[in-house]
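**Student:** Predicted model follows, preceded by the sequence.
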Amino acid sequence: MAIAPVDLLQVLQAAVSQDPASVSTRKAAEAQLKNWETHSGFYSLLQDAFLDSSLPTEIRWIGIIYFKNGIDKYWRKSAPNAIAKDEKIQIRSKITQTFWITNEQLASQNALAIARISKFDFPVEWPSLFSDMIGLANDAHYGNDLVRLKQILVVLNQIVKTLSGARFGKTRAALQQAAPDMVRVVGQWYVQFTQEWMTSSFNDDSQNSTSAISEQLELRANIGYLSLKICRRLVSEGYEFANRHIEARELFQVSTLHLNAFVEKYLSSPSETLEKYIRTCGKFYQDLSERQPTAFILLPGSFDLVRSYLTMLQSQAAAFHQPNFESQEFWEKVLVRGLTLLRKCIKMIFGDGTVTIKYRTPEDREETKSAVRSLKEELCTDSFVVSVHDILLWSYLRLRPTDLEKWSNEPEEFVYDEVQNSWEYQLRPCSEKVYVDLLLNFKDLLKPRVLEAFEAASAHNDASDDAILAKDAAYCAFSIGCNALFEDVDFDKVLLSVFAPQVANASSSMPSMHRIILRRISLIISNWISVKCGADVRQDVYEVLARQLDPTLPLNDKVVQLTAALALKSAVDEWDFKLDSFLPYLELFLTRLIELITKVDVIETKLSLLQVISVIVEVVESRIIAFADKIVALLPSLWEQAGDEHILKGAILQTLTNLIHATGKESYKFHQLYVPLIAGIVDPKSELHVYLNEDALLLWQTTIANAQDTTPALLSLLPILIESLDQSTDTLRMELVILEGYVLLAPAIVAEQYVKVIFGIMASFIGNLKIEACHTVTHIIELFIQSLPLNAYINDLVDSGLLGRLTDSIFDAHESAINVTRYLTIYARLALADPTVVARFCDVYGTERRLQSNGGESLGALLDVWLEKVDNMGHPRMRKLTAMGLGAIMDGPTGQQESVLRRREAITKVKSEIFAELDGEEIDLNVETSVKNLMSM
């Protein structure tokens, strides 16, 4: 039944009611709207509702929200209950009416809805999308209806933004086909309206303009700004080589000239509109350099653009070091984009930027070579590189007042931000990134300047704040430039003569700013330790870090201690780490780290410190036993403090895993502490299961691997393990390995309670096992056979269907040969235990499966496959086991059966060949019985 417009309006009215007494009415209205979602005509009526300007805004708002969400769910042809084609045509026909919506919030939602329609319909159902939009915009432009022109551009911007996300297919091809004409038209509007706004607002009389004139100026600025946003995506995404198209070249060049004018005006008279223009220009250039690096370089004015950003860097350098810099956030974003552009140019010159470029034609290849050549000769000259180096070193590697304020007020957040190193968004990390690129790629030019700055800073004893900050900047360059400097620096000598004395001599008589240098020394150690640090000075490194971690020293504030702790992690988690030189400091470091972790508050800080402790536990192995109690005692309180921070809880489990592995057989005394934790996590009904299950299973696996015997705590987990196995989850492989450990430790206990269930679960696996999982499953079965008397498992092996499924797979021509050989080892062990069991089962199997092969004898068929697969057995133990299993069948009571007698010669030959090739070699037929060795495989 069709929906009446009046009914829809009543339901929408009820749905937006804020009357506390009408809660049930509102819920009923929402349910009715939900029910109407799949009714014919619903979305067309919603469109009518939000187009009706006589209705209250709140009704129009909820109407457009339901309309937009419905487009997402039901516009696609293949969607369940998709909107009918006739209704779609009706909706599209009324889109032009939506451009009269003046309410900005409604207009924004309308633009999103139309963009989503274009995503589904362009270019197949709506091929004239862009010509329609440009036609309407031209009509508004020629009619001087700027308000309507702005609304059309709002929609067009969302459409281009949505379609630009298509990376291939018809949509991208059609967008690229439409882009040149679009850029020609919209680019002209950008130039016209931006120029009009600049001409009027940049003169001195603009402050005295009337309100009406100001509104007109703002409207022109918004049209120009929207046009720029549209063009930036069209040029970046709508062309393969923007530099080959005159309209793109002209737009790019004009935008670079405008950028300089925007910046110049902003410096004297900041405004939100100027900020929007400047930021969008930056996005334009960054997108273009990422999508079309060669085109970006070859576009006219690109080098001047990069130089302009360098000028901005220079002009804003002093401002960033002034307290209360009001425009810091804005300028930070602008300068990060400029540095990112410069980094793209450096990468382009030295190869990384050109690797991903697709050379479609020789012309493309030559164009790229020309771009690189131009970069080298015209932009990245020695003077330019030195200018960038110097401004970065002395202004942007240097800590700013905002950094020092955060250091004092939020020390843990300060350290966390430094570790995160979000260089794409933050100016100082971005400066460090570009600085390293410069230094690595212009070594000969810049190394002398870096080393000269470092030596001068090291020799300077000026204790003023400015001198300390300059010294820290020079030390920062030395630190992050380690990969470029190591060939020219004797780091061991520098450590002993420069850094160690500064740490050793630090005292309360020094200015508090000296802590900045102490922190930097830890960072230097962290960077250089894996690059160039000799074994002879490792103890000196530990001395320095131990002193930095001493909370009783007055200059060792929280930042200094935390940075030293992170440097310690780098020092021990390193290729050339030597345990002997570290052991004298083990107790001291652990004591100070445990003390520090109890004093910090931020979860991320606790996580970082716990990771340091975990790494130490891992590298010192069994030497940690003497300190294990201290570490374990720390963890329960950390677990409670973690709350919902599952990353920290995962780190706690990892630390426990490392500790159990390191303490080995002594780990049993901690079972009561953490085994209940494992039980709570691996339970599928637990809230923690989703986040921590694999960490808990790894801890469980390590616990079993290091157990000498089962404990009541470990046995309490066994029912959970069986239940998990039966669910066959993504962690099945880990669970099977844990079961392996239990069977190794206590086969009789496991068999007594669970062998039939286990065999039944394994029967369900057979036929679908990958090679690695097959090895584990068959190994568990072998352990039962090897460890228990035949009568303890044979009935369950048969009744569970496991032996039957194994036999099915042996006869399955599609089963992996490797898996078949593993299944045959089960028969070999059964034959060694009692060959008549094999014969009797084969008789039953043949009857049940009606096996008709070789006279109807299933034992004969099994022997044929067995003899055929001998050549697929490579391991000596498996080959010897096969020989002995076949021999047991041939020499035992079953040897007189017709099916065995006919194959006696073949069996004898295989036995002889195998024993001849082993020729007295001692082969232990027992499967692995060491839990420790098994779990480390």
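**Tutor:** Happy to help now that I have it. Residues are numbered from 1 along each chain as shown.
**Student:** helix, strand or coil for Pro270?
**Tutor:** coil (DSSP: H, G, I helix; E, B strand; the rest coil).
**Student:** mind listing what it touches?
**Tutor:** For Pro270, the contact set (C-beta atoms under 8 Å, 6 or more residues apart in numbering) comprises Ser327. For every residue, glycine as well, the C-beta is placed using N, CA and C.
**Student:** What count of nearby residues applies to the closest residue in space to Gly741 that isn't next to it in sequence?
**Tutor:** Here the nearest residue to Gly741 in space, its sequence neighbours aside, is Ile704; by C-beta to C-beta, 6 or more residues apart in numbering that works out to 3.3 Å. For Ile704, the count of nearby residues is 25 (other C-beta atoms under 10 Å).
**Student:** Okay, and Ile704 sits in which element?
**Tutor:** helix 689-706 (DSSP states H and E).
**Student:** contacting residues around the helix or strand that that helix is followed by?
**Tutor:** Later in the chain than helix 689-706, the nearest helix or strand by DSSP H and E is helix 712-715. Identification of contacts with helix 712-715 by C-beta under 8 Å, 6+ apart yields His671, Gln672, Val675, Pro676, Thr703, Ile704, Ala707, Tyr742, Leu745, Ala746, Ile749.
**Student:** And the pLDDT for the residue nearest to Gly741?
**Tutor:** Looking at Ile704, its pLDDT reads 94.
**Student:** any idea how far Pro180 is from it?
**Tutor:** Ile704 sits 67 Å away from Pro180, going by C-beta to C-beta, to the nearest Å.
**Student:** I'd guessed Met310 sits against Ser387; true?
**Tutor:** Careful, residue 310 is Leu; it's not Met. Yes. Contact criterion C-beta atoms under 8 Å: Leu310 and Ser387 qualify, at 6.5 Å.
**Student:** Distance-wise, check Ile613 relative to Asp834.
**Tutor:** Distance from Ile613 to Asp834, by C-beta to C-beta: 54 Å.
**Student:** which of those two has more neighbours?
**Tutor:** Of the pair Ile613 and Asp834, Ile613 is the one with more neighbours under other C-beta under 10 Å, namely 27 against 17.
**Student:** Skipping its backbone neighbours, what lies nearest the more buried one in space?
**Tutor:** Ile613 sits nearest to Leu593 (C-beta to C-beta, 6+ apart), 5.5 Å away.
**Student:** Can you give me the neighbour number for Lys443?
**Tutor:** Neighbours of Lys443 under the rule other C-beta under 10 Å: 16.
**Student:** So it is in contact with Phe486, correct?
**Tutor:** No. The pair Lys443 / Phe486 is not scored as a contact, 11.1 Å apart, by C-beta under 8 Å.
**Student:** Can you pull out the low-pLDDT segments for the stretch 251-400 of the chain?
**Tutor:** 352-359 (pLDDT under 70).
**Student:** Leu339: which of the contacts of helix 712-715 is nearest?
**Tutor:** Comparing these against Leu339 with C-beta to C-beta places Thr703 closest, at 49.8 Å.
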